[in-house]
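S.K.: Compute the structure for the input listed below.
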Amino acid sequence: MSNLYSYYTQVIFLLFIIINHLIEIYLTRRQLEMYQKHALTPPEEFKSFLTDSEHQKAIQYSSSKLKMGQFHLVFDAILLFYWFPLHGAEKLYLALPIEGMHREVFFLITFTLIQFVLSLPWSIFSTFYLEEKFGFNKSTPKLFIIDRLKGLALGGVLGIPLLYAVFFLFKSLGEYWWLASFALLTCFQFFLVWIYPTVIAPLFNKFQPLEGSELKQGIENLVTNAGFNAKEVFVMDASRRSAHGNAYFTGFGKNKRVVFFDTLLKQLENPEILAILAHELGHMKLKHIPKSMITSVLLSFAGFWLMGKVANQEWFFHGHFIRYTSPGILLLLFTQALPLYTFWFSPIGTWISRKREFEADAYAAKETRPENLIQGLLKLYQQNASPVVTDKIYSGFYHSHPPALERIRRLESLKS
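M.R.: I've put the predicted structure just below:
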């Protein structure tokens, strides 16, 4: 029976690798066709704001990214075939000349470093050719290298002790290791979210309080109405790396922040800045971060429970083309193979995210004026060369924010 389970799992795994990547390529083609269909002029609703040349730049920029993405998808599929059906992960595990817990940790470290090196050419091409070509890249080779080294160092400092702790629990607690590991990882994730704004993010960027005499009163009114503090609104020096503009919220408790990219603020008028701020405050006021964290915890619990069930099942490992059972390989399988199985649930996450974006927009429209948020969003699309057209099916899988036309129409309906 175990051999039969292994066989069927192998067939399903192979089908998911092939079908998922073919579907992703198909979705990309649909998006590219939509871009080609509207390559010359923007839709009527945007013609008063976007020039033909701005629209064409957005189409060309996004089309170039998608075309590169198609090659990346094929590359990723080949890598998955190498690591699993062609036994690459198994060979790597057996090649390590150490035993016990150290072997499990160094297996995952080595795998991560290999993946990091293999991803570098894509990052370099994207940053120094594609982004450069369209005038968005502001990074230098030195800054690019420093960022990657910082990321590796941070991953090592935080990740290696965590791995040792998980493998210690696996060895010490028997069948209940997964529950203790889930609790440990959940606490660790909350800790990361809490320290990210004040400890991790400043390692890569500088943050200054959002100031300005004309803005000050408006900011204080908004944050007071939302139940926050004006000291929680910051500007980040995003212009060191990119010309793209954005804003986001992060953290919780005393470490929560609303962050504006400095590139965004240079393009917006004060009423538009306040409208974007109100949108971000809306996410906080409506408790979108806690809701997301609760969902993440529940999904993590399900994942660890499943790991506990298959941790000693040879058919599970054999079904993914690995003939050895170990906690390190188990973690690798769940991080690398699980996304293949969860890909089809992506539209659910997208729908939830869009619902929350609409809710934050409605909050901003109530606290400021819908037309100010509309103008701010339009400038954001313009500055980032984001196309205002999209294929509905592609967008349903990949876009966490509503399509531009849908979002603008919803805001128009909120005008008094």
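S.K.: Contact partners for Ser292?
M.R.: Taking CB atoms under 8 Å, 6 or more residues apart in numbering, we find Ser292 in contact with no residue. Any C-beta I mention is one placed from the backbone N, CA and C, and that applies to glycine too.
S.K.: Distance of it relative to Leu118?
M.R.: With distances defined as CB to CB, to the nearest Å, the gap from Ser292 to Leu118 amounts to 30 Å.
S.K.: ditto for Gln70
M.R.: 17 Å.
S.K.: So which of the two has more stuff around it?
M.R.: More crowded of Gln70 and Leu118, by other CB atoms under 10 Å: Gln70, with 15 against 12.
S.K.: From Ser63, how far off is the more buried one?
M.R.: Computed as CB to CB, the Gln70 to Ser63 distance reads 11 Å.
S.K.: So which bits of the helix or strand hosting Lys355 are buried?
M.R.: Assigned by DSSP states H and E, Lys355 belongs to helix 346-367. Within helix 346-367, the residues that qualify as buried by neighbour count (16 or more other CB atoms under 10 Å) are 350, 353-354, 356-365, 367.
S.K.: which of those residues sit farthest apart?
M.R.: Thr350 and Glu367 (26.0 Å; CB to CB).
S.K.: which residue ranges form the helices in the stretch 151-300 of the chain?
M.R.: In chain order, the stretch 151-300 of the chain shows helices spanning 177-195, 213-226, 262-265, 270-285, 288-310, with DSSP state H, counting those that start in this stretch as the criterion.
S.K.: okay, the ones you listed, which one's buried deepest?
M.R.: Looking across the helices of the stretch 151-300 of the chain with neighbours counted as mean count of other CB atoms under 10 Å, the highest average goes to helix 270-285: a mean of 23.
S.K.: could you measure Phe134 against Phe46, distance?
M.R.: 19 Å.
S.K.: where does this protein have low pLDDT?
M.R.: For the chain, applying pLDDT under 70 flags the ranges 1-2, 212-213, 229-231, 253, 416.
S.K.: quick one: the strands in it?
M.R.: Ranges of strands within the chain are 207-209, 233-236, 247-250, 257-261, based on DSSP state E.
S.K.: so which of those strands gets nearest His288?
M.R.: It's strand 247-250; of the strands of the chain, that one is closest to His288 (CB to CB) at 8.2 Å.
S.K.: what lines up beside the closest one in the sheet?
M.R.: Its sheet considered, strand 247-250 pairs with strand 257-261 (antiparallel) by DSSP bridges.
S.K.: Show me the contact partners of the strand it pairs with.
M.R.: 197, 207, 210, 232-236, 238-239, 244-251, 273, 276-277, 280-281, 284.
S.K.: Quick one: buried ones out of these?
M.R.: Of all those considered here, the ones buried according to neighbour count by 16+ other CB under 10 Å are 197, 207, 210, 232-236, 238, 244-247, 249-251, 273, 276-277, 280-281, 284.
S.K.: now the helices for the stretch 301-416 of the chain?
M.R.: In chain order, the stretch 301-416 of the chain shows helices spanning 314-319, 327-336, 338-342, 346-367, 370-383, 392-398, 404-413, with DSSP H, counting those that start in this stretch as the criterion.
S.K.: ok, Leu120 - how many residues close by?
M.R.: Taking other CB under 10 Å as the neighbour definition, Leu120 ends up with a count of 11.
S.K.: Look up how far Arg148 lies from it.
M.R.: When CB to CB is applied, the distance between Leu120 and Arg148 equals 8 Å.
S.K.: How about Leu298?
M.R.: On the measure of CB to CB, Leu298 and Arg148 end up 33 Å apart.
S.K.: How about Ala275?
M.R.: To Arg148, Ala275 is 36 Å away according to CB to CB.
S.K.: And for Val258?
M.R.: The value you get for Val258 to Arg148, if CB to CB is used, is 28 Å.
S.K.: same question, Trp344
M.R.: Applying CB to CB, one obtains 32 Å for the distance of Trp344 from Arg148.
S.K.: now do Ile200
M.R.: With the distance defined as CB to CB, Ile200 ends up 15 Å from Arg148.
S.K.: what's stretch 396-407 in contact with?
M.R.: By CB under 8 Å, 6+ apart, the list of residues contacting stretch 396-407 from outside reads 27, 43, 45-46, 346-347, 349-351, 353-354, 357-358, 361, 377, 381, 386-390, 392, 395, 410.
S.K.: cool, and stretch 312-322?
M.R.: Applying CB under 8 Å, 6+ apart, the contact partners of stretch 312-322 are 2-3, 5-10, 12-13, 84-87, 89-90, 310, 323-325, 329-330, 333, 337.
S.K.: out of those residues, which are buried?
M.R.: When the contacts of stretch 312-322 are checked for burial by 16+ other CB under 10 Å, the buried set is Ser6, Thr9, Gln10, Phe13, Phe84, Ala89, Glu90, Val310, Ile329, Leu330, Leu333, Ala337.
S.K.: how about the longest helix along the chain: buried residues?
M.R.: Among the elements of the chain assigned as helix by DSSP state H, the one spanning the most residues is helix 2-37. Along helix 2-37, these residues count as buried under the neighbour rule (16+ other CB under 10 Å): 6, 9-10, 13, 16-17, 20-21, 24, 27-28, 30-32, 34-35.
S.K.: again with stretch 57-70
M.R.: Residues of stretch 57-70 classed as buried: Lys57, Ala58, Ile59, Gln60, Tyr61, Ser62, Ser63, Ser64, Leu66, Gly69 (neighbour count, 16+ other CB under 10 Å).
S.K.: farthest pair in the residues you listed?
M.R.: Pairwise over the buried residues of stretch 57-70, using CB to CB, the maximum falls at Lys57 and Gly69, 18.5 Å.
S.K.: Which of Val258 and Arg148 has more residues huddled nearby?
M.R.: Remark: of Val258 and Arg148, Val258 carries more neighbours, 26 against 14, as counted by other CB under 10 Å.
S.K.: Report the beta-bridge partners for the more buried one.
M.R.: When Val258 is checked against DSSP bridges, its beta-bridge partners turn out to be Val233, Phe249.
S.K.: now it: how far from Phe321?
M.R.: 46 Å.
S.K.: what do you get for Met101?
M.R.: For Met101, the distance to Phe321 under the criterion CB to CB works out to 24 Å.
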